[in-house]
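Enquirer: structure for the following, please:
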Amino acid sequence: MSTETPAAPTFRYSAVTFDCPDPAELARFYGDVLGLPVVYSSDHFVLLGQEGAAGLGFNRLTDHRRPTWPDPTQEKQAHIELGVDDLDAAQARLLTLGAVAPEFQPDPDRWRVLLDPAGHPFCISTLV
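Expert: Predicted coordinates:
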């Protein structure tokens, strides 16, 4: 029996993703504002960023409702993306820390959606 403790997975701040009705439109705005290029794009998701730096993501949400902040009627819509080296090891570690893995995973080979202890969704990914 080995007495070695497995190394903890390495986590790094990777991106913040904003839900929106049109990811390309919102990415164009922030890309222009921040001078960030598109590093990944699909019909439903656009990621802005630069090598070695955290990025901004924009996710299509079909029934998106504009936030009414600071009025809490419609809360802000954003979630954190964490880049990891190993999805399985990272998910296991996060679950031991109190995260919950929802049953539905849109693309579990590329990223995983987890819920923090307060129920806020966040993603771990090897994309960035």
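
Enquirer: and the spatially closest residue to G49 that is not a sequence neighbour, what does it touch?
Expert: Nearest residue to G49 in three dimensions, chain neighbours excluded: G55, at 2.8 Å (CB to CB, 6 or more residues apart in numbering). C-beta coordinates here come from the backbone N, C-alpha and C atoms, glycine included. Residues in contact with G55 (CB atoms under 8 Å, 6 or more residues apart in numbering) are S14, A15, L36, V39, L47, L48, G49, V128.

Enquirer: and D88, by the same measure?
Expert: Applying CB under 8 Å, 6+ apart, no residues contact D88.

Enquirer: pretty sure it is in a strand, no?
Expert: No: counting by DSSP: H, G, I helix; E, B strand; the rest coil, D88 falls outside a strand, being helix.

Enquirer: what is the burial count for F18?
Expert: Counted with other CB atoms under 10 Å, residues neighbouring F18 total 19.

Enquirer: for it, name its beta-bridge partners.
Expert: Beta bridges link F18 to F58, A78 when assigned by DSSP bridges.

Enquirer: with V38 instead?
Expert: In beta-bridge terms (that is, DSSP bridges), V38 pairs with L48.
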